[in-house]
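Enquirer: give me a 3D structure for the following:
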Amino acid sequence: MNVPLSIKKGIDVQLEIESLAFGGMGVSHLNDMVTFVKNAIPGQKVTARITKKRSSYLEAQSLEVLAKSPYQVEAPCAHFSDCGGCTFQNLDYKMQIAAKEEQVKDIFQRIGNFRDLPCDSILSCEDKFHYRNKMEFTFSNREWVPEKDDDRKPSNYALGLHVPGRWDKILNINECHIQTPIANEILKIIWQTVLELECEPYDIKEHTGFIRNVIIRSSANTNDIMVNLVTSQEDIQSIQPIADTLINHFPQITSIVNNITNRKAGISIGEYQIVLHGNDYITEKVGGYEFMISANSFFQTNTQQATKLYNIILEEASLTGSEIVYDLFCGTGSISLYISTHAKMVYGFEISMSAVQDAMQNAINNKVKNAWFFAGDLKDLFRNNLEAKNLEMPDVMILDPPRSGLHPQTIEDILEKLPKRIVYVSCNPATQARDSKELCKKKYSLVKLRPVDMFPHTPHVENVATLIRNQS
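Expert: As a prediction, this is how the structure comes out:
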């Protein structure tokens with residue numbers, strides 16, 4: 001359908017928001033055209049400006065709320081209107097999870113062409129705030145000034161989060177409502193200490209300056225705390241006073257490390273690291289297992305929901321104790337170890353060497369003898385690693401890839417190894433639906449979806465898809 005000539009980019013229109021699209025934009029219709037509206041929630045009537053015009057849809061930006069939504073609630077965060085991280089803090093939680101469940105169903109129908117697929121009700125999150133066990137913040141000499149303060153000049157010092165659409169501007173964050181209270185206290189002390197010590201914040205445009213990022217991890221079940229200070233160069237004289245100040249204020253901190261990277265890309269993983277205090281790892285407990293987590297290793301960022309997610313994975317794997325299980329993208333081995341007592345043998349595969357080292361140590365620490373781990377890129381691991389290539393074939397395969405989903409070669413490897421059952425975990429249902437469609441073209445049938453809300457107040461949704469090998 002063509003867009004009427006009267007509708008042009010830049011015009012302002014009134015819209016009634018009907019639902020939420022995957023990714024967090026409101027959905028409306030203008031002259032029968034689907035219109036995606038940024039910063040709008042279901043039930044609102046808004047004045048919006050058309051920002052994009054395509055043959056089959058429009059995009060718009062909400063400018064003014066003309067009528068409040070009956071599902072609208074007060075957002076507790078002072079940064080809500082500027083940050084762009086927790087875009088649904090102003091939407092009733094029941095509506096949030098209902099929208100996410102519908103999005104998963106719609107994506108699998110639209111992208112995967114799956115019809116009449118059983119989908120369990122979404123698993124909600126009990127702790128809707130302070131649930132993240134890890135947050136990353138960025139230092140910058142280019143502050144983003146909040147809209148309410150636009151009469152003042154930007155500061156040349158900021159510590160916080162990127163605002164939407166600006167890779168070079170940082171919004172100062174005083175308190176983040178989805179990280180733990182102790183992490184917020186630590187963040188404030190770091191902000192003040194770095195300012196007092198006159199450490200030069202990194203300039204992402206000019207690639208000058210010293211201090212780049214801080215990542216704070218706080219374990220939910222062990223009370224371990226890690227602070228990872230990322231700098232552009234090694235300078236113990238400059239970084240150690242920050243660590244000393246933190247220990248004076250927070251003696252319960254168990255690990256402070258300094259990751260050093262001179263890469264120009266805005267990434268927080270260093271070429272190497274220095275331990276400034278305590279261990280180079282923290283521990284976390286999930287179920288009856290304790291996991292060692294180093295600074296650059298992946299671990300589920302919502303510990304309480306991770307336990308529920310792992311129970312779903314275990315249930316969908318339908319293990320009897322005699323199966324060989326492959327855990328692809330295994331991270332620090334948390335899923336592998338969690339299911340190990342129910343399997344004959346579990347093999348984990350992960351690109352990060354530090355994560356594999358953590359996984360091996362986690363197996364030793366938990367006295368798990370039927371789990372083994374391999375480091376390498378999964379798109380060529382089964383060709384380049386002779387030991388992995390010659391492993392016994394899997395009965396069950398668990399997949400938990402990054403948002404980009406599976407590489408085509410990894411899909412080929414799965415189809416070659418042909419496990420009886422696949423449990424596919426994903427934080428991006430769009431790529432999950434795409435990959436499931438490929439797996440189901442010949443050899444598999446998708447039998448169930450089980451969405452899980454790991455990140456309340458954000459557009460993100462986790463989903464577990466179960467695939468069964470066809471009898472033929």
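Enquirer: neighbours of the closest residue to Asp12 other than its chain neighbours, how many?
Expert: What sits nearest to Asp12 in space, not counting adjacent residues and going by C-beta to C-beta, 6 or more residues apart in numbering, is Arg49, at 5.2 Å. From N, CA and C alone the C-beta is placed, and that goes for glycine too. Residues within reach of Arg49, counting by other C-beta atoms under 10 Å, total 16.
Enquirer: got a list of what the residue nearest to Ser140 when sequence neighbours are not counted touches?
Expert: Excluding its sequence neighbours, the residue lying closest to Ser140 (C-beta to C-beta, 6+ apart) is Ile170, at 3.8 Å. By C-beta atoms under 8 Å, 6 or more residues apart in numbering, the contact list for Ile170 reads Thr138, Phe139, Ser140, Arg142, Glu143, Trp144, Ala158, Leu159, Gly160, Leu161, His162, Val163.
Enquirer: and Tyr57, by the same measure?
Expert: With contacts defined as C-beta under 8 Å, 6+ apart, the neighbours of Tyr57 are Met33, Val34, Thr35, Phe36.
Enquirer: now with 6 Å?
Expert: Tyr57 is in contact with Val34, counting by C-beta atoms under 6 Å, 6 or more residues apart in numbering.
Enquirer: cool, and the one 10 residues further on?
Expert: Contacts for Ala67 were tallied using C-beta under 6 Å, 6+ apart; they are Lys45.
Enquirer: may I have the beta-bridge partners of it?
Expert: Lys45 (DSSP bridges).
Enquirer: got the confidence number for the residue nearest to Tyr131 when sequence neighbours are not counted?
Expert: Nearest non-adjacent residue to Tyr131, counting by C-beta to C-beta, 6+ apart: Asn302, 4.9 Å away. Looking at Asn302, its pLDDT stands at 96.
Enquirer: if we can go back for a sec, what distance do you get for the residue nearest to Asp12 to Thr35?
Expert: 11 Å (C-beta to C-beta, to the nearest Å).
Enquirer: pairing partners for Ile282 in the sheet, please.
Expert: Ile282 has these beta-bridge partners by DSSP bridges: Ile293.
Enquirer: that one reaches Asn223, doesn't it?
Expert: No: the pair Ile282 / Asn223 is not scored as a contact, 9.5 Å apart, by C-beta atoms under 6 Å.
Enquirer: what domains does the record give for the protein?
Expert: 12-72, 101-127+298-469, 134-285 (automatic domain parsing).
Enquirer: in CSV, list those domains along with distance to Tyr93.
Expert: Formatted as CSV, the domains of the chain follow (distance: least, C-beta to C-beta, whole Å):
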stretch, distance to Tyr93
domain 12-72, 10
domain 101-127+298-469, 6
domain 134-285, 13
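Enquirer: what's the closest of these to Cys86?
Expert: domain 101-127+298-469 (3.9 Å; C-beta to C-beta).
Enquirer: for Ile253, which non-adjacent residue is closest in space?
Expert: In space, and not counting its chain neighbours, Ile253 is closest to Ile225: 4.7 Å by C-beta to C-beta, 6+ apart.
Enquirer: and for Met33?
Expert: Leaving aside its chain neighbours, Met33 sits nearest to Leu58 (5.4 Å; criterion: C-beta to C-beta, 6+ apart).
Enquirer: give me every residue that touches the one you found.
Expert: Met33, Thr35, Ile50.
Enquirer: out of those residues, which is most surrounded?
Expert: Thr35 (24 neighbours).
Enquirer: wait, Arg49 sits on Gln61?
Expert: Yes: applying C-beta under 6 Å, one finds Arg49 in contact with Gln61, separated by 5.1 Å.
Enquirer: on that earlier part again, in strands, which of the contacts of Ile170 fall?
Expert: If you go by DSSP state E, those have Thr138, Phe139, Ser140, Ala158, Leu159, Gly160, Leu161, His162 in strands.
Enquirer: and these as TSV, adding distance to Phe349 and neighbour count?
Expert: Formatted as TSV, these follow (distance: C-beta to C-beta, whole Å; neighbours: other C-beta atoms under 10 Å):
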residue	distance to Phe349	neighbour count
Thr138	31	24
Phe139	35	27
Ser140	37	27
Ala158	39	23
Leu159	36	25
Gly160	36	23
Leu161	32	21
His162	32	20
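Enquirer: find the nearest non-adjacent residue to Ser334, please.
Expert: Nearest non-adjacent residue to Ser334 (C-beta to C-beta, 6+ apart): Phe291, at 5.4 Å.
Enquirer: count the residues that sit near that neighbour.
Expert: For Phe291, using other C-beta under 10 Å, the count is 28.
Enquirer: next one: Lys153
Expert: There are 8 residues near Lys153, going by other C-beta under 10 Å.
Enquirer: who's in contact with it?
Expert: Contacts of Lys153 by C-beta under 6 Å, 6+ apart: none found.
Enquirer: got the contact list for Val396?
Expert: Ala317, Glu323, Val325, Pro419, Arg421.
Enquirer: closest to Arg383 out of these?
Expert: Here the nearest of the contacts of Val396 to Arg383, counting by C-beta to C-beta, is Pro419; it sits at 18.4 Å.
Enquirer: mind checking pLDDT for the closest one?
Expert: The model reports Pro419 with a pLDDT of 98.
Enquirer: identify the residues contacting it.
Expert: Taking C-beta under 6 Å, 6+ apart as the criterion, Pro419 is in contact with Pro394, Asp395, Val396, Met397.
Enquirer: where in this protein is pLDDT low?
Expert: Along the chain, the model assigns pLDDT under 70 to residues 1-5.
Enquirer: for it, what's the longest helix?
Expert: helix 93-110 (DSSP state H).
Enquirer: what about it, distance to the chain center?
Expert: 18 Å (C-alpha atoms, centre = their mean, to the nearest Å).
Enquirer: repeat that for stretch 90-102.
Expert: 18 Å.
Enquirer: same deal with stretch 129-142?
Expert: With C-alpha atoms, centre = their mean, you get 13 Å for stretch 129-142.
Enquirer: sort out which residues of that stretch are buried, please.
Expert: 129-135, 137-142 (16 or more other C-beta atoms under 10 Å).
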